[in-house]
Structures are given as C-alpha cells and as structure tokens.
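K.L.:
My questions are about this predicted structure, shown below with the sequence.
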Amino acid sequence: MRPIWALFLTLLSYQPGLASRPAKRHYSTHDYYVLEHDPAGTSLDAITETLGVEVVEQVGELRHFWLVRAEKPSADITRRETTDRVLEKFSSLRTQATSPSDWHLSHRSVDNHQARSIVSSVKHLSRQALRQRVKRVPLPVPPPTEETPSQAAALRLGITDPLFPQQWHIINDDFPEHMMNVTGVWEMGITGNGVISALVDDGLDYEHKDLAANFVNDFFYEQV
C-alpha cells in the first residue's frame with residue numbers, strides 16, 4: 001500500500017494548473033496554438049487527434065484552455081511556411097459541418113456529424129506567434145547647457161531655494177512638455193502672496209519647519 005504523502009504528490013503532479021513553470025517552447029520545430037475546449041462536447045483527445053496536434057499543458061490557471069502543438073514538416077523548417085495545416089483543417093471541418101448531409105451515403109452523414117461535434121466543442125483556436133521583445137531604455141536626456149531654464153528662471157525671479165531645479169513640475173529642464181509653465185504668471189506679478197489656502201490631508205507633515213509657521217493650530221467648535 002502506497003503511503004498517503006506519495007499519493008498526494010502523484011495527484012499534485014497531474015494538476016495542470018499547479019505547474020511550477022510553463023513548458024519549454026520549440027518554435028523552430030513546432031507550431032503552437034491555444035485551444036478552448038467545451039468539456040460538454042467531444043473529448044479533447046478526439047479533437048487533438050482529428051486536428052493532428054498534441055496537448056502541451058493547460059494555459060496558466062484558465063480552465064478548459066489548452067496549449068497544443070503540431071510538428072512542422074521538415075520542408076517548413078528550412079523555408080517560410082505559407083499555409084497553416086491545423087487552421088486549414090479546422091476551417092475544412094467548419095465547412096463540412098455546415099454542409100447538408102448526404103443521407104444516401106451513410107459514411108458521409110457520419111463524417112458531417114463528427115465535424116459538427118468537433119466544431120461545436122472548440123470554442124476558440126488561434127496560432128501563437130513568437131514575438132521578439134526589446135527592453136525599453138530611458139528617454140534620452142539632452143546635454144546640459146551653461147545655464148538651464150530652471151537656473152535662468154530662479155535668477156530672473158530671485159528664487160534662492162537650492163532645490164528649485166529639482167521641482168520638475170514647475171520647470172522641467174529635461175522634458176519641458178511635463179511642466180506647469182507657471183513662471184509666466186509669476187513674471188506678471190501674480191505670485192499668490194496674500195492668498196489663503198486650505199488643505200485637508202492627514203498625510204501632510206504640518207509640523208515641518210517649512211510649513212509649521214503657516215498653519216493655524218487653534219480650532220473652534222460651535223456647540224449645537
């Protein structure tokens with residue numbers, strides 16, 4: 001009698017959705033497809049046998065979605081393939097499934113019935129294309145000039161904050177399209193001096209030395 005833990009490991013190994021990593025692909029020798037199967041219809045084995053493909057694995061955690069593959073003919077490995085045998089076979093089954101049965105030829109009516117059963121059991125079939133992924137690189141930064149726009153604005157407006165050039169939302173030396181373009185308003189004399197603003201933000205550090213003097217700490221509550 002096999003121990004319980006051995007039986008558990010055996011059952012675990014047969015769970016497609018629990019695979020640790022996807023199976024290795026061999027696009028040079030095989031074509032791969034995703035097939036969505038309706039378990040209420042024709043069995044998956046009968047479908048794959050008719051289409052000439054083999055099951056590789058379940059597609060991730062998607063139920064009834066299967067990765068299948070078909071071996072490429074030797075001639076297609078050395079030259080560019082112009083047709084897809086699996087998709088053409090499925091298209092032929094669709095045509096046969098919609099054609100009227102010839103009741104005078106019993107074997108023909110059986111073929112039509114089988115085609116209808118297979119077509120109705122395959123809810124989706126598509127070929128997987130191998131895509132070359134290219135790692136994205138940072139946007140190019142223009143070379144520094146003798147005086148950056150933020151430095152020029154700070155000098156023109158009398159701003160002495162050493163962190164002013166780092167406030168990219170006000171003046172962006174690298175990507176001007178991402179800034180607020182507010183310096184023109186400042187040069188018109190509209191600086192917000194004397195304007196009272198209210199902030200409701202429990203994540204604001206109102207005790208910071210740069211902000212504490214501008215906060216009113218006394219609150220008055222009217223009794224109802």
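P.N.:
Structure's in. What do you need?

K.L.:
where does the chain have low pLDDT?
P.N.:
Within the chain, the ranges that satisfy pLDDT under 70 run 1-20, 75-82, 101-110, 142, 144-145, 199-202, 216-224.

K.L.:
Walk me through the domains of it.
P.N.:
With domains defined by automatic domain parsing, the chain comprises 21-127, 145-193.

K.L.:
deepest of the ones you listed, which one?
P.N.:
Highest mean neighbour count among the domains of the chain (mean count of other Cβ atoms under 10 Å): domain 21-127, with a mean of 14. The C-beta positions use only the backbone N, C-alpha and C, and glycine is treated the same way.

K.L.:
Any idea how far apart the tips of it sit?
P.N.:
21 Å (Cα to Cα, to the nearest Å).

K.L.:
Next up, the contacts around the residue lying closest to Ala40 once chain neighbours are set aside.
P.N.:
Take Ala40 and drop its neighbours on the chain: the residue closest to it by Cβ to Cβ, 6 or more residues apart in numbering is Ser121, 7.9 Å away. Contact partners of Ser121, counting by Cβ atoms under 8 Å, 6 or more residues apart in numbering, are 37-38, 40-42, 47.

K.L.:
Can you report phi and psi for Ser121?
P.N.:
phi -90, psi -10 (degrees, to the nearest 10).

K.L.:
Need the max-distance pair from the contacts of Ser121.
P.N.:
Largest separation among the contacts of Ser121 by Cβ to Cβ: Ala40 and Ile47, giving 12.9 Å.

K.L.:
The residue minimising distance to the centre of the chain: what secondary structure?
P.N.:
Centrality entry for the chain: nearest residue to the mean C-alpha point is Arg133, 13.2 Å, by Cα atoms, centre = their mean. Recorded secondary structure, Arg133: coil (DSSP: H, G, I helix; E, B strand; the rest coil).

K.L.:
Is it correct that Val55 falls within a helix?
P.N.:
No: Val55: not assigned to a helix; according to three-state DSSP it is strand.
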